[in-house]
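*Asks:* just the structure for this:
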Amino acid sequence: MVSIVIVTWNSEKDIIPCLNSINKQKQYGFSDFEIIVVDNDSKDKTVAIVEQDFPDVRLLKNKNNLGYAIANNQGIKASQGEYILLLNPDVMLGDDFFSSPIKLFEESSLVGAVGPQLLNPDLTIQPSIRSFPDYSILLWELTGLSKLLPRNRFFGKWRMANFDYEKPQAVEQPMTSCFLVRKAVIDKIGYFDESFPMYYNDVDLCKRIINAGWDIFYLPGSYAIHDRGSSTRKVRSKMIFSMHKSLYHYFEKYDKSGFFQVKRLLLYPIMIFSAIIRASLELLVK
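*Replies:* Below you'll find the model as predicted:
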């Protein structure tokens, strides 16, 4: 069985097509799933829609917005499936979504998680694969070299503009807006790290999966349509600061050189400066 965990926050626009796309999988012979929606204190009609229109969905209602990591952990702990699909409410599953990844899991015990091909609402391919971040990406991002030379193997290594989205292959960091993982992997490595403010808890999860010896596979034979950032777009400037804070915490967690306390003297002000510039540009564009 697949347990589908969806974290919602003011998701009334997205939740109906999302849940309908899941139920549509029954047309392709796949009905062995449960749906768990964890609502982070939505102020719109999200909860009412789920309760009234989707009575088979298990709904967990938080009295406050506990954030992405905590809410996902609540859903995972409540799950009963052999596999867990972490799904954002702004994602619609494609036709016969589960056949290819389930087959891959059954064929190889080394595959711990699968990321499908993500499409934009206009059905163009959405870039969804990145490498794990390192200190060099800060330099390339701040200097603009990553945007000037996106296909350069040094300057563009994080965003991976040269990635072949038509080829199934092992990857480091697929976007976890739609991410299928073995429950046995979560049992082994643990849940989402709740110390991350908002972002990079998914990157951290991928890092721990690979460090534990499993592969993460990108599988274009399975696809989903993603209206990217539908929820966080509402509070974009605030999310920029959260993103930088989370990246700082990621470096702090995985820097094993023994010199992080020295590096942080330069790293912290650089990241504050970057966040201020990006947030300011965001406000100017509005």
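
*Asks:* for the stretch 101-250 of the chain, just list every one of the helices.
*Replies:* 135-143, 145-148, 183-189, 201-211, 236-254 (DSSP state H, counting those that start in this stretch).

*Asks:* next, format these as TSV and append distance to Pro121.
*Replies:* In this view, the C-beta of every residue, glycine as well, is placed from N, C-alpha and C. Output for these, formatted as TSV (distance: least, Cβ to Cβ, whole Å):
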stretch	distance to Pro121
helix 135-143	27
helix 145-148	24
helix 183-189	30
helix 201-211	22
helix 236-254	19
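
*Asks:* show me what contacts Ile4?
*Replies:* By Cβ atoms under 8 Å, 6 or more residues apart in numbering, the contact set of Ile4 is 22, 33-36, 84-85, 87.

*Asks:* re earlier: distance to Met160, mean neighbour count and mean pLDDT added to the helices of the stretch 101-250 of the chain, as a markdown table?
*Replies:* Formatted as a markdown table, the helices of the stretch 101-250 of the chain follow (distance: least, Cβ to Cβ, whole Å; neighbours: other Cβ atoms under 10 Å; pLDDT from 0 to 100):
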| stretch | distance to Met160 | mean neighbour count | mean pLDDT |
| --- | --- | --- | --- |
| helix 135-143 | 11 | 15 | 80 |
| helix 145-148 | 11 | 15 | 83 |
| helix 183-189 | 23 | 16 | 98 |
| helix 201-211 | 14 | 20 | 97 |
| helix 236-254 | 17 | 18 | 83 |
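
*Asks:* out of these, flag the one nearest Pro101.
*Replies:* helix 183-189 (13.5 Å; Cβ to Cβ).

*Asks:* helices or strands up against the closest one?
*Replies:* Judged by 3 or more Cβ pairs under 8 Å, 6 or more residues apart in numbering; DSSP states H and E, helix 183-189 is in contact with strand 83-87, helix 201-211.

*Asks:* again, only using 6 Å
*Replies:* In terms of contacts (3 or more Cβ pairs under 6 Å, 6 or more residues apart in numbering; DSSP states H and E), helix 183-189 is packed against no helix or strand at all.

*Asks:* gap between that helix and the chain center?
*Replies:* Averaging C-alpha positions (Cα atoms, centre = their mean, to the nearest Å) puts helix 183-189 17 Å from its chain's average.

*Asks:* identify, by residue count, the longest strand of the chain.
*Replies:* strand 215-226 (DSSP state E).

*Asks:* just checking: what are the partner strands of that one?
*Replies:* Strand 215-226 has the following strand partners under DSSP bridges: strand 91-93 (antiparallel), strand 111-119 (parallel), strand 169-171 (antiparallel).

*Asks:* if we can go back for a sec, for Leu66, find the nearest of the helices of the stretch 101-250 of the chain.
*Replies:* helix 201-211 (12.6 Å).

*Asks:* residues making contact with that closest one?
*Replies:* If you take Cβ atoms under 6 Å, 6 or more residues apart in numbering as the criterion, helix 201-211 is touched by 69, 112-113, 173, 176, 185, 189, 192-193, 216.

*Asks:* in a markdown table: the residues you listed, plus distance to Ile4.
*Replies:* Formatted as a markdown table, the contacts of helix 201-211 follow (distance: Cβ to Cβ, whole Å):
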| residue | distance to Ile4 |
| --- | --- |
| Ala69 | 18 |
| Gly112 | 18 |
| Ala113 | 15 |
| Gln173 | 21 |
| Thr176 | 13 |
| Val185 | 17 |
| Ile189 | 20 |
| Phe192 | 16 |
| Asp193 | 22 |
| Ile216 | 19 |
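
*Asks:* for Lys77, state which of these is nearest.
*Replies:* Nearest to Lys77 among the contacts of helix 201-211, counting by Cβ to Cβ, is Phe192 at 10.9 Å.

*Asks:* from what I see, that closest one and Gly75 are in contact.
*Replies:* No - judged on Cβ atoms under 6 Å, Phe192 makes no contact with Gly75 at a distance of 10.2 Å.

*Asks:* thank you kindly, that will do.
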